[in-house]
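Undergrad: sequence and predicted model, in that order:
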2 protein chains.
Amino acid sequence: MTKTKKSSNLTLDKQICFSLYSASNAMGRAYRPLLKELDLTYLQYIVMMVLWQHSTMNVKELGSKIHLDSGTLTPLLKRLETKCLINRLRSKEDERVMIISLTVDGRDLQHQAEQVPNEMLCKARMTMEELVALKQGCDLLLANLNNQ
Amino acid sequence: MTKTKKSSNLTLDKQICFSLYSASNAMGRAYRPLLKELDLTYLQYIVMMVLWQHSTMNVKELGSKIHLDSGTLTPLLKRLETKCLINRLRSKEDERVMIISLTVDGRDLQHQAEQVPNEMLCKARMTMEELVALKQGCDLLLANLNNQ
DNA sequence: TCAAGTTAGGTTGTGCGCAACTAAATCGCA
DNA sequence: TGCGATTTAGTTGCGCACAACCTAACTTGA
């Protein structure tokens, strides 16, 4: 057995998290020109997607679904309200709860967004197997980091 | 063959990019308490890591290495300078170039950071195979998105 | 040699993410 | 029933990311 010098762990090319971080940034940049057509940011697009599925949600439910808190969501939801894509309304049963629902404009925007996922798939230039493996890796890491 | 209704692509659970985005955010949250000990943000830690490897770099080289531009880096480098971790100095040969180098304090900080990668590995609770696969997927996506 | 073009870094403004905090409504139990 | 604890959203402040823009320094070629 040959003696080998142990090299530092503090090198950029070994950092899994830096790859994740850079890929996430690149993903955001790739979405930007597509979402500019809809006048949405990436996070706004995600929130709209949740509402296209569920129509009505309160801030807490929305936040737990997308792993963000009111500090991020409240200003974002106000911007979506300003664009007339959503309504914000206090619950009658519990005045603490803010109920978010789609406007007609917000619902209509879904049709314009229909092709966005396919356009992103083209940009990614990866096979379905590679993409599924990447998604599973991310979901596992997310679950592990959130449970401690 | 049975006729099946094609469901929308616009559902959150199908979004590979959303998994990537959420995992990247969770990663940042997991680093925060570890890096608080060093009084660094995650991006500041990344920049310091590059400098621990290379000692001296200009803004353009640094930016191409970590895929960020001067709009992000200039304010960040000024904050690192304020903390006395780096020096910023104009090149004599080309006055446009800003040369970044480590101070003694900046160099010393490396010892304090030595355990951070291992602590993150513990938090991730994933096998080396899973982590390597995740890194390769991210690197492939990043390369594909950057080359178009 | 000097004007046009290119390059490096900086500035400004917007929108996240998040911690730390606040206010108000509701809950639970003594 | 009343009051302390909890829950829900909102606010404030900081540090990214990024687009769009700016300035000064350097390069190039007619």
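TA: The structure has been received and is ready for your questions.
Undergrad: which parts of stretch A:8-27 are buried?
TA: Within stretch A:8-27, the residues that count as buried by 16 or more other Cβ atoms under 10 Å in any protein chain shown are A:9-10, A:15-27. The way it works is simple: take the backbone N, C-alpha and C, and place the C-beta from them, glycine included.
Undergrad: and what of stretch A:37-45?
TA: For stretch A:37-45, the neighbour count (16+ other Cβ under 10 Å) marks A:38, A:40, A:41, A:42, A:43, A:44, A:45 as buried.
Undergrad: now the helices for chain A?
TA: For chain A, helices defined by DSSP state H occupy the ranges A:16-36, A:42-54, A:59-66, A:70-82, A:104-113, A:116-124, A:128-146.
Undergrad: tabulate those helices (a markdown table), appending mean pLDDT and distance to DNA strand C.
TA: As requested, those are exported to a markdown table (pLDDT from 0 to 100; distance: least, Cβ to the nearest atom of the strand, whole Å):
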| stretch | mean pLDDT | distance to DNA strand C |
| --- | --- | --- |
| helix A:16-36 | 97 | 7 |
| helix A:42-54 | 97 | 4 |
| helix A:59-66 | 97 | 9 |
| helix A:70-82 | 98 | 3 |
| helix A:104-113 | 97 | 15 |
| helix A:116-124 | 95 | 16 |
| helix A:128-146 | 96 | 10 |
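Undergrad: please name whichever of those helices is nearest to residue B:116.
TA: Residue B:116 sits nearest to helix A:16-36 of all those, at 10.2 Å, using Cβ to Cβ.
Undergrad: just give me the neighbour total for residue A:49.
TA: Per other Cβ atoms under 10 Å in any protein chain shown, the neighbour tally for residue A:49 reads 24.
Undergrad: ugh, wrong one, I meant residue A:31
TA: Number of residues near residue A:31 (other Cβ under 10 Å) recorded here: 20.
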